[in-house]
Each structure stands twice: as C-alpha cells, then as structure tokens.
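Enquirer: Predicted model follows, preceded by the sequence.
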Amino acid sequence: MKSDLFASENLAQAAATPGMSLQNAKSVKYNVNGEMLARQGSMVAFRGNLQFERKGQGIGGMLKRAVTGEGLALMSVRGQGEAWFAHEAGNCFIIDIEHGDALTVNGRNVLCFDPTLSYEIKMVKGAGMTGGGLFNSVFTGTGKLAVVCDGHPIIIPVTPQAPVHVDTDAVVGWSSQLDTGLHRSQSVGSMIRGGSGEAVQLKLSGEGFVIVRPSELTETAAAH
C-alpha cells in the first residue's frame, strides 16, 4: 500500500529514552517507565503494559473546579510502554521546569507532565470573585510539562515599567512571580449600553512573561 500518509514524519518510532517528546506539532509521546500524569481524556493511543487510573485532587481541588470550571482532572499512567497524548488538534509544546521555577498555567492548557513536578490549584491573587480564570494550576519542581494551545501562542515579556493586560479567556499561563490583579477597562454604564465586552482583564506586573493564545474561549471549548 502506498500513500503520502505513510511518510516517515508520520510514523511512530520506538522510543530511545524514557520521558516525553513531541510526536509532531499536535501530539506528545511519552515513553512510560514507572508513572506519569496527564489530563483525563487526552490519551489517543498506547502500546505496552500500561494502566490508566483517575487521580483525585482532594476535596479542595474538586470544590474549586466545581465552582469555577477551572482546574484540571488528572489521570495517572503506570507501567511500561508508550502513550500518545493530544487535545482537539491543538499545538503542543514541552516546557522544561527547573529547580526554583514556578509556572502558572490555566488548567485547560495542561496536557501531561512528569511525576517529579508538583501541582497545586491556587486562586489568582487580586482577582476577587469576578472574572474568568480565578483558579489556575501552579507547577514547581524539576521535570517536563506539556501544554496545548489553540493556534500559535504569543509570549509577551512583562517588566516593572510595562505591565501587561490579558483577556482572562485567552491567557495560557505566566511566570508565577508576577503580581496579578483585575483591570477594568469600561464603566458599568458603557457595558449596559453595549460596549466591546472587554470589561475586565487580568493585569500582570513585575518581571517575567505571559503566554497568550490568539483566540478567546468559545462556548464549545468551554463545555469540554
């Protein structure tokens, strides 16, 4: 049988080393030798002796997800074998987190990660109880984290002289040392009369970076 479908770049090769790597721009391959963690429902294929188990996050984490819709439902993958992960054909990126790093990521953008990383749901400081993305996932430790993004991400530096305002539905993540707060760009009266809808943004200030996707959250995506 002959087809461009069978081009070498589409063929899955045997893994040479343990851990994660990009299969292609839309999927991540993980050579499991022990345990790893991934978002529930993200596994698209596997081979070998692997077991998949839903991982609880404690009552606090479950409560935050129920109230806000944010957070991350995880599964543990154990054993020896290879697994492939993807989410709605989004673009995948692998981030090496080193000792002393702390990265805040929106739960909907997390794909999979090494068990050596610590994960905690935290409330975004200064966000109060209005706006979107109030709770996000904070990763620390040493290891690899795979994130997924609709379209090609925009990385914006943040400096003390130039804080950045981002749409809460478009933000993917930011360096955790940044200070956060809400910024209101319109008056309530303007909103009632038919404003732009960009009423509240997340303000990030300090020294670091923010990752933004080039689209806002759609109703269809929000339902997943």
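Expert: Thanks, I have the structure now.

Enquirer: Report the distance from stretch 170-180 to the chain centre.
Expert: Its chain's average C-alpha position is 12 Å from that of stretch 170-180, according to CA atoms, centre = their mean, to the nearest Å.

Enquirer: which parts of that stretch are buried?
Expert: By neighbour count on 16 or more other CB atoms under 10 Å, the buried set for stretch 170-180 is 170, 171, 172, 173, 174, 175, 176, 178, 180. Placement of C-beta: from N, CA and C, glycine included.

Enquirer: Repeat that for stretch 203-218.
Expert: Result for stretch 203-218 [16+ other CB under 10 Å]: buried residues 203, 204, 205, 208, 209, 210, 211, 212, 213, 217.

Enquirer: Using CSV, lay out these together with distance to residue 152, secondary structure and pLDDT.
Expert: Putting the buried residues of stretch 203-218 into CSV (distance: CB to CB, whole Å; DSSP: H, G, I helix; E, B strand; the rest coil; pLDDT from 0 to 100) gives the following:
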residue, distance to residue 152, secondary structure, pLDDT
203, 24, strand, 91
204, 20, strand, 94
205, 25, strand, 96
208, 20, strand, 96
209, 16, strand, 97
210, 15, strand, 97
211, 11, strand, 96
212, 11, strand, 95
213, 8, coil, 92
217, 17, coil, 57
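
Enquirer: As a markdown table, these with distance to residue 107 would be great.
Expert: A markdown table is the format used below for the buried residues of stretch 203-218 (distance: CB to CB, whole Å):
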| residue | distance to residue 107 |
| --- | --- |
| 203 | 21 |
| 204 | 18 |
| 205 | 23 |
| 208 | 20 |
| 209 | 19 |
| 210 | 16 |
| 211 | 14 |
| 212 | 16 |
| 213 | 14 |
| 217 | 12 |
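
Enquirer: helices and strands of this structure: which one has the lowest mean pLDDT?
Expert: helix 219-222 (a mean of 45; mean pLDDT, DSSP states H and E).

Enquirer: Contacts only, for the residue most central in space within the chain.
Expert: The chain has residue 109 as the residue nearest its centroid, 2.4 Å off, counting by CA atoms, centre = their mean. Neighbouring residues of residue 109 by CB atoms under 8 Å, 6 or more residues apart in numbering: 147, 148, 149, 172, 173, 213.

Enquirer: I'd say the last one and residue 148 touch.
Expert: By that I understand residue 213. No - applying CB atoms under 8 Å, one finds residue 213 not in contact with residue 148, separated by 9.7 Å.
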